[in-house]
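coords below, sequence missing:
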């Protein structure tokens, strides 16, 4: 978290919001992939 905070502090607000949206989108995708992976492994057993 500290790395992104350091990077964002040097960026204009428009880029900050873009970066934040991208990060939240990526996290959501990762969460969905994790859930899907658990479901897949659950079905295989």
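Arrived safely, thanks for sending. In this text, all values refer to a predicted model and were calculated from it rather than measured experimentally. Numbering: from 1, shown residues only.

Residue 19: how many residues sit nearby?
14 (other C-beta atoms under 10 Å). (C-beta placed from N, C-alpha, C; glycine too.)

Quick one: mean pLDDT for the helix or strand harbouring it?
Here residue 19, judged by DSSP states H and E, is contained in helix 13-44. The pLDDT scores in helix 13-44 average 85.

Compute the distance from the centre of that helix to the centre of its chain.
5 Å (C-alpha atoms, centre = their mean, to the nearest Å).

Packing partners of that helix?
helix 2-9 (3 or more C-beta pairs under 8 Å, 6 or more residues apart in numbering; DSSP states H and E).

what's the spacing between the residue positioned nearest the centre of the chain and residue 36?
In the chain, the residue lying closest to the centroid (C-alpha atoms, centre = their mean) is residue 27, at 2.3 Å. To residue 36, residue 27 is 15 Å away according to C-beta to C-beta, to the nearest Å.

now do residue 43
11 Å.

Looking only at neighbour counts, state which of the two leads.
Set residue 43 next to residue 36 and count neighbours by other C-beta under 10 Å: residue 36 wins out with 10 against 7.

Tell me the spacing between that one and residue 23.
Between residue 36 and residue 23 the computed distance is 20 Å (C-beta to C-beta).

again, but for residue 38
Applying C-beta to C-beta, the value for residue 38 to residue 23 is 23 Å.

likewise residue 15?
Distance from residue 15 to residue 23, by C-beta to C-beta: 12 Å.

intersection of neighbour lists for those two?
With contacts taken as C-beta atoms under 8 Å, 6 or more residues apart in numbering, residue 15 and residue 23 have no neighbour in common.

What confidence value was assigned to residue 5?
On the pLDDT scale, residue 5 gets 61.
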